[in-house]
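Q: Quick one, what's the 3D model for this:
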Amino acid sequence: MNMKPMNALLAAALCTVGISAHAAITKAEHKAAIDNAEMSYKSAKATCASLAGNAKDVCIAEAKVEKTYSIAKTNGDFKNTAKAIYDGRKDVASAEYDLAKTKCAAKAGNDKDVCIKEAKAVEVRAQADAKAGTKISEARTDAADAKRTANYKVAIEKCDAFAGDTKDACVKEAKARFSM
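A: Take a look at the predicted model:
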């Protein structure tokens, strides 16, 4: 499978979901970004220390969401695969669910139950969207590969009209053009 069409389709699909595949980053940049996310989390958590009760719990959960998002984006940029993006989106959905549950803890009775059910529904939708996005990306990649292969076969067939060095040059150009 040619990675150029896959990466382009993956980036296009991911731009709509918040976690995107930009240019691949180096291992050093990846480590630095992870370390930065960890430091930001510790700093935010320290800020939360001045709060008490549910407000403190919510503050910490919000910091975890930011950390999870940063790590997911960094891993997506570093690995540049559909699985890394999918895993990141799932992790973010879970962290946002934990945040919503924490916010629900301040409620009581039926309001709390409804709040938790709504939070779970949001998480399930986000995870389903992540899975659908991955399947759409894979389908687009497969379609692009099929089109490229068909166009390559047409180009090779056209090369059959030539002979010798001209045919060899035509075949070489077709292979280069369609990444075969």
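Q: any weak-confidence spans in this protein?
A: Scanning the chain for pLDDT under 70 picks out 1-23.
Q: tell me what the helix ranked longest in it is packed against?
A: Determined from DSSP state H, the single longest helix within the chain is helix 109-159. Under the contact definition 3 or more Cβ pairs under 8 Å, 6 or more residues apart in numbering; DSSP states H and E, helix 109-159 sits against helix 3-14, helix 82-104, helix 164-177. Bear in mind the C-beta positions are built from the backbone N, C-alpha and C, glycine included.
Q: Past the helix or strand in which residue 45 is found, which element shows up next along the chain?
A: Applying DSSP states H and E as the criterion places residue 45 in helix 27-48. The helix or strand immediately downstream of helix 27-48 is helix 53-79, counting by DSSP H and E.
Q: any idea of the angle that following helix forms with helix 82-104?
A: 170 degrees (axes from the mean of the first three to the mean of the last three Cα atoms, to 10 degrees).
Q: now the angle from helix 53-79 to helix 27-48?
A: Using the same axes, to 10 degrees: helix 53-79 against helix 27-48 is 170 degrees.
Q: still on that earlier bit, which of the helices and strands packed on helix 109-159 sits most buried?
A: Mean neighbour count (mean count of other Cβ atoms under 10 Å) peaks for helix 82-104 among the helices and strands packed on helix 109-159, with a mean of 20.
Q: got a list of contacts for it?
A: 6, 10, 14, 17-19, 21, 54, 57-58, 61-62, 64-65, 68-69, 71-73, 75-76, 78, 112, 115-116, 118-120, 122-123, 126-127, 129-131, 133-134, 137-138 (Cβ atoms under 8 Å, 6 or more residues apart in numbering).
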